[in-house]
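In: Sequence plus predicted model, see below.
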Amino acid sequence: MHFQNGAAGMRHPDRWLALLRIAVGLWFLHGGTRKVTFVLWGGFLPLPTATDRWIGFMPKRIAEFASGNPIEWVKEFLEGTVLHNPKLFAGLTAWGEFSAGVGLTLGLLSVLAGLIGLVMMVIYFLATFWMGPGPQGFHLLLIMCMIVFVASRAGRTWGLDGWILSRFPVPTLARLCC
């Protein structure tokens, strides 16, 4: 077998990266849509909020993550802050997953979506790493994906970031988020 320009399937690495970005985005979107709902503010303006199911379940999960966590400051944060503010943190996790999912899937503000995903995965890693190799490997893999998505501005291929940048002149500062 003869390989030109590297491996046979790697002629367009940006496309493979876009495919990975979309798959990871769909994973985040799946988790986020199960935790998010909308309420009407003033009877007409839809505002996002965490579902009652997620608000009720999240403290149980956080207590499990904190119970044997050997990192004292992480354990204290989970027990002393997150567990005492379940509605706030349920909303943050639901909207973090949902917004990272939309941004990565559509390639829209993909740097921002990748940073949101990165922060969430680092926090999830610190909360669950002690529970075994499954959470360790999964969260590390997603952390690395987020770093690559941010560094490569992965939304420029097969994403709205690329479409917007090709059609509209954007100041240099705005190019940092796309």
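Out: Yep, it's here.
In: for the most centrally placed residue in the chain, helix, strand, or coil?
Out: By CA atoms, centre = their mean, the chain has its centre lying nearest to Gly117, at 2.7 Å. At Gly117 the chain is in helix, as set by DSSP: H, G, I helix; E, B strand; the rest coil.
In: try Pro48
Out: Under three-state DSSP, Pro48 comes out as strand.
In: what's the neighbour count on it?
Out: As a burial measure, Pro48 scores 14 neighbours (other CB atoms under 10 Å). Every residue, glycine included, has its C-beta placed from N, CA and C.
In: surely it meets Phe38?
Out: Yes: between Pro48 and Phe38 there is a contact under CB atoms under 8 Å: 5.8 Å.
In: Sketch out the low-pLDDT regions of this structure for me.
Out: Counting by pLDDT under 70, the chain contains low-confidence ranges at 1-10, 172-178.
In: any chance you could map the strands in it?
Out: Under the criterion DSSP state E, strands of the chain are mapped to 36-41, 45-50.
In: highest average neighbour count across those?
Out: strand 45-50 (a mean of 14; mean count of other CB atoms under 10 Å).
In: which helices and strands does that strand pack with?
Out: If you count contacts as 3 or more CB pairs under 8 Å, 6 or more residues apart in numbering; DSSP states H and E, strand 45-50 packs onto strand 36-41, helix 86-106.
In: tell me the most buried of the ones you listed?
Out: Ranked by mean neighbour count, the helices and strands packed on strand 45-50 are led by helix 86-106 with a mean of 21 (mean count of other CB under 10 Å).
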